[in-house]
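Trainee: no sequence for this one, just the structure:
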């Protein structure tokens, strides 16, 4: 396992170790579908793809004609030697690990589903990809369950998930503001607000830029969904913090394993608790479920047959974070210039974008 | 609100601010029962009790003959002014915010319930208080759902929750070891192991002491339930880490708001991500539900009628943490001598123990 981990780490530039390989083996002992393995292993997509490639080369993994993946006899011996057993699914079938119920929000969900039928499709330019309507409404339920939306001033930094529409429809917040770079989305939200008589302030804004004064220190709660580079994380979450009124305010955002290794999660967490001086109160596994987006297969590596197979379920998930500001929290609001804003080595599209450049 | 917060902070020594008071007001707009307010507000018990005392003195809160708490007309105006609305309960009724289902584990739960009928009662000497049988089995389900128990070597540091018995009964782990200071508990576990033919290694051990070599670097997963002082947290979680084989191993433990303010949570999180070099992968709100313990009322402040009322439900909860070690994580194993091991200003029993001394 050490050797496999070393090879994968060398080829991908992602820190991969023995226990990570164990988790990937656990996952394909549980389900032979590549996208399910990525989902289950909680490892970066590129690390999982490369691990399977290496294990195929070494004869531990077999691929059948449908692209399903199995342990060979050698692979089974390896699993036995390291006492690796399949995963067991004990998720709550009602809430799907969210811990939140939509029972009382059926009407809101129905209305929201109608509205978003004509939403703009996700495009690669801004690293887009939106969550299921159930996930969007679950976020509203989560905020209400924790007391962070009723009577509150809410801001959403980047809103391809259309949380602003769900929030305004719920009638709970006092004020809803969104900042979004993509004019297709701000226009869509403006159109819906007008048609449905919702009060949403939609502003076109590039979050790489400094926030103007009018948004600083004005909100109780922010929501965002940062691209998973350190730079973008700081810009999205940091500016989210800058919009808050003071200590005891809250922020909500998602982080994946598919695009962020454990060491990167640790980096993000150090930024949160040390630099930004906030408390992480919740990390809810599997909370956010993304709808498969059209540009996935053309944007990822095309040298592996099992990877270039259309996913049959919503495999791309993220953990939902909730944070609370301490009194001395950092109101981060610096100008960004980085070119690596959307993509690093953990990104799904890393190898393709690298090719484009080379 | 600022003034109330200041008074409470001065009298309790706990950092309490405007938004904390808002959360407490939200809570008693939702439910008039003191213990429910403590549960719902996610604030230290002593801060909540003192806030209500101050708000009663200032005429914002009324107490009826049954000890129920309400906003007065003045209090309602205050809530209106700050746009404070009641909490809304969107918890999943099936799993109770845990995200985990016990559907497939009914038999295990039943067996476990039979066994624990004769367990030793919780005593104050070691800050004991155990979780419901459902919670113990949910922990096993959570570990299995994440792949952290099947075929693994497991150690439990302090086991008044009897997780070791549930783990061994499940048949999942390769090895189960417990370290526990209370001989009543080690004896109970030994007796049960013998009767039921379970393989559990139960060792009487005081976690203030350095772990001997035989336990270092030997386990895949540890579980613990630390008393919530910085010293005890380091000793329980740090020694848990010292028992692990290497990077990518996991640890599980709970933290409350009733005995730990947000700034203390931030301290704990800094220790985890910065000093111990681990990643927090999950914080599951409300996961651990404690059975009300006999010594509660005699151990807490006795000058407030609404506090000295027996709780009618299991109000004491904790959030379930799951952590994963990075490759360079700290194997903490220092000798402890602190007298403040079990109690600090956030502790339930702080005022009483202080009285004992004065």
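Mentor: Nice, I can see it. Keep in mind it's a predicted model, so treat the numbers as computed, not measured.
Trainee: could you count how many residues lie near the closest residue to residue A:44 other than its chain neighbours?
Mentor: Excluding the flanking residues, the one nearest residue A:44 by CB to CB, 6 or more residues apart in numbering or on different chains is residue A:346, at 4.7 Å. Glycine gets a C-beta too; all of them are placed from N, C-alpha and C. Using other CB atoms under 10 Å in any protein chain shown, residue A:346 has 25 other residues around it.
Trainee: then residue A:106?
Mentor: By the criterion of other CB under 10 Å, residue A:106 has 10 neighbours.
Trainee: what ranges do the strands span in the stretch 201-350 of chain A?
Mentor: For the stretch 201-350 of chain A, the strands defined by DSSP state E, counting those that start in this stretch occupy A:201-204, A:221-224, A:250-255, A:278-289, A:317-325.
Trainee: mean pLDDT added to those, as JSON lines?
Mentor: Output for those, formatted as JSON lines (pLDDT from 0 to 100):
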{"stretch": "strand A:201-204", "mean pLDDT": "97"}
{"stretch": "strand A:221-224", "mean pLDDT": "98"}
{"stretch": "strand A:250-255", "mean pLDDT": "98"}
{"stretch": "strand A:278-289", "mean pLDDT": "97"}
{"stretch": "strand A:317-325", "mean pLDDT": "98"}
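Trainee: please identify the deepest-packed of those strands.
Mentor: strand A:221-224 (a mean of 26; mean count of other CB atoms under 10 Å in any protein chain shown).
Trainee: distance between it and the chain's centre?
Mentor: Strand A:221-224 sits 14 Å away from the centroid of its parent chain (CA atoms, centre = their mean, to the nearest Å).
Trainee: for stretch A:288-296, same thing?
Mentor: Centroid separation between stretch A:288-296 and its chain, computed with CA atoms, centre = their mean, is 10 Å.
Trainee: now do the helix or strand containing residue A:27: everything it contacts.
Mentor: For residue A:27, the element it lies in under DSSP states H and E is helix A:18-30. Identification of contacts with helix A:18-30 by CB atoms under 8 Å, 6 or more residues apart in numbering or on different chains yields A:1-2, A:4-5, A:8, A:36-37, A:40-43, A:47-48, A:51-52, A:61, A:69-71, A:75, A:78-79, A:82, A:84-87, B:147, B:246-249.
Trainee: how does it look with 7 Å?
Mentor: Contacts to helix A:18-30, defined as CB atoms under 7 Å, 6 or more residues apart in numbering or on different chains, come from residues A:1-2, A:4-5, A:37, A:40-43, A:47-48, A:51, A:69, A:71, A:79, A:82, A:84, A:86-87, B:147, B:247-249.
Trainee: mind checking which of these are in strands?
Mentor: Counting by DSSP state E, the part of those found in strands is A:69, A:71.
Trainee: can you flag the buried ones in the contacts of helix A:18-30?
Mentor: Neighbour counting over the contacts of helix A:18-30 (16 or more other CB atoms under 10 Å in any protein chain shown) leaves A:1, A:4-5, A:37, A:40-43, A:47-48, A:51, A:69, A:71, A:79, A:84, A:86-87, B:147, B:247-249 as the buried ones.
Trainee: show me the contacts for the residue nearest to residue A:170 when sequence neighbours are not counted.
Mentor: The spatial neighbour of residue A:170 that comes closest, neighbours along the chain excluded (CB to CB, 6+ apart), is residue A:140 at 5.3 Å. Taking CB under 7 Å, 6+ apart, we find residue A:140 in contact with A:149, A:166-167, A:170.
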